[in-house]
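Novice: Pasted the sequence and its predicted model underneath.
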Amino acid sequence: MKIVVLAGGRSTERNVSLSSSARVANALREKGHQVAVADLFLGLPGLSETELAHLFTDQQQTVDLNISDEILTDDAINAMRPGEGTQLFGPNVLKIAGMADIVYVGLHGEDGENGKVQAVLDLNNIAYTGSDTLGSGVAMDKSISKQIMMFNGIQTARFVAVREGDDRDVDLPFDFPVVVKPSNGGSSVGTYIVRQEDQLRPAIDDALQFDDEILIEEFIKGREFSLGVVNGVAMPAIEITVNDGWYDFEHKFQSDSTTVFQTPPDIPADVHAEMQAIAKRTMKVLKMSNYGRVDFFWNDDGLFVIEANSLPGMTPLSLLPQEAEAAGISYPDLCDSIVQGKVDLLKRQALRRASV
């Protein structure tokens, strides 16, 4: 197949996306696909249609990128494209996407995962991997997704939402410590563990730099797990153990961090089965499809869903590839199964519509 890997974008997680997308492109080429990589925001300026077509047959391998821990601001990202405006889709992105059989969405963060990109692709009849517009938007908005989970009896941390312009003196229905995080964000950017009341206001102020709504969650203490679901099949859980601090941006993406990932040998079989079932149910109630990842805490009170990720990271340190590896699925096979799974899903949907 001809595949465009859509990378970069305007998110604070831009650098993570570039690393994920480079590795995905390599893997899909290894599986025999013709692959072109396009930076969503920077685009492919100045290329003719013939030159764009040649990108699919260019066999030059894209190398994996080291991920900078710099938190990119809007101004810093806009400065990368002088004179070309600040619209989300860069030059020739839609043109080359329309030339592909399917787009692999390798984006991370707000403008990659919140449904905006998916809506544009839908309007242009361009097939893409991952959840559709609705599922992407619902999963990305933690306030909405947590309310849906609670309504459906899926245990998650209690929370209070604070929007820009609200009173910052918040009366919390739970005790400290608490977690402060942007409602629409990922990779723990703008996320803080607040252990006493005088630290709350500064954390709120900082988190609101990344989103116009933030959540203050009760702190759930327990063992932390991640579990991916690909084409309806739940992967083995991976336990995350951080030897210093907590699982923040650095521990997620820097190879010299002291984070340990392992398939836990001591988790009871019934708990693991329940975790897999909850992960699949969470994806269903949030309208997610094709693939995703659900993160958990486990303690004496049971399993708590932290959040669901509609476009999990695919970097060398990312969780979904490690979960697939634990199931005996290689990285190239994982990428290929995501593409093939979405193609099959779209075919089934087309047949249903044709039969009506």
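Specialist: Structure received. Numbering: from 1, shown residues only.

Novice: longest single helix anywhere in this protein?
Specialist: Ranked by number of residues, the top helix in the chain under DSSP state H is helix 331-355.

Novice: hmm, who's touching that one?
Specialist: The contact list for helix 331-355 (Cβ atoms under 8 Å, 6 or more residues apart in numbering) reads 1, 3, 23-24, 27-28, 30-31, 33, 101-102, 104, 127-130, 230-231, 289-291, 314, 320-321, 324-325, 329. Placement of C-beta: from N, CA and C, glycine included.

Novice: what's the spacing between Gly109 and Ser289?
Specialist: In this view, Gly109 and Ser289 are 20 Å apart by Cβ to Cβ, to the nearest Å.

Novice: Strands of the protein, residue ranges please.
Specialist: Taking DSSP state E as the criterion, the chain carries its strands at 2-7, 34-39, 102-105, 159-163, 178-182, 192-194, 213-218, 223-230, 233-234, 238-242, 259-262, 291-299, 302-309.

Novice: per-residue confidence for Asp248?
Specialist: If you check Asp248, the pLDDT there is 41.

Novice: So, low pLDDT: which residues of the stretch 251-356 of the chain?
Specialist: Low-confidence segments of the stretch 251-356 of the chain (pLDDT under 70): 251-265.

Novice: Ile267: what's it in contact with?
Specialist: Applying Cβ under 8 Å, 6+ apart, the residues near Ile267 are 225, 237, 239, 298.

Novice: ok, 10 Å please
Specialist: 223, 225, 236-237, 239, 275, 298 (Cβ atoms under 10 Å, 6 or more residues apart in numbering).

Novice: can I get those in CSV with distance to Phe89?
Specialist: As requested, the contacts of Ile267 are exported to CSV (distance: Cβ to Cβ, whole Å):
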residue, distance to Phe89
Arg223, 41
Phe225, 36
Pro236, 37
Ala237, 37
Glu239, 39
Met275, 38
Trp298, 41
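
Novice: could you dump those residues to TSV with distance to Ala139 and neighbour count?
Specialist: Below are the contacts of Ile267 laid out as TSV (distance: Cβ to Cβ, whole Å; neighbours: other Cβ atoms under 10 Å):
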residue	distance to Ala139	neighbour count
Arg223	23	14
Phe225	18	24
Pro236	22	19
Ala237	19	25
Glu239	23	18
Met275	18	22
Trp298	21	21
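
Novice: What segments of the stretch 101-250 of the chain are helices?
Specialist: 110-113, 116-123, 133-140, 142-151, 200-207, 249-253 (DSSP state H, counting those that start in this stretch).

Novice: Mind putting those helices into TSV with distance to Pro91?
Specialist: As requested, the helices of the stretch 101-250 of the chain are exported to TSV (distance: least, Cβ to Cβ, whole Å):
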stretch	distance to Pro91
helix 110-113	17
helix 116-123	15
helix 133-140	24
helix 142-151	33
helix 200-207	34
helix 249-253	29
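
Novice: Just give me the lowest mean pLDDT stretch among the ones you listed.
Specialist: helix 249-253 (a mean of 41).

Novice: what about Ile77, distance to Glu13?
Specialist: Remark: distance between Ile77 and Glu13 (Cβ to Cβ) = 11 Å.

Novice: neighbour count winner among those two?
Specialist: Using other Cβ atoms under 10 Å as the criterion, Ile77 and Glu13 rank with Glu13 on top: 28 against 18.

Novice: so that one touches Gly109, yeah?
Specialist: Yes. Contact criterion Cβ atoms under 10 Å: Glu13 and Gly109 qualify, at 3.5 Å.

Novice: The closest residue to Ile214 other than its chain neighbours: how many residues sit nearby?
Specialist: Leaving aside its sequence neighbours, Ile214 sits nearest to Ala207 (Cβ to Cβ, 6 or more residues apart in numbering; 4.3 Å). A total of 23 residues lie near Ala207 under the criterion other Cβ under 10 Å.
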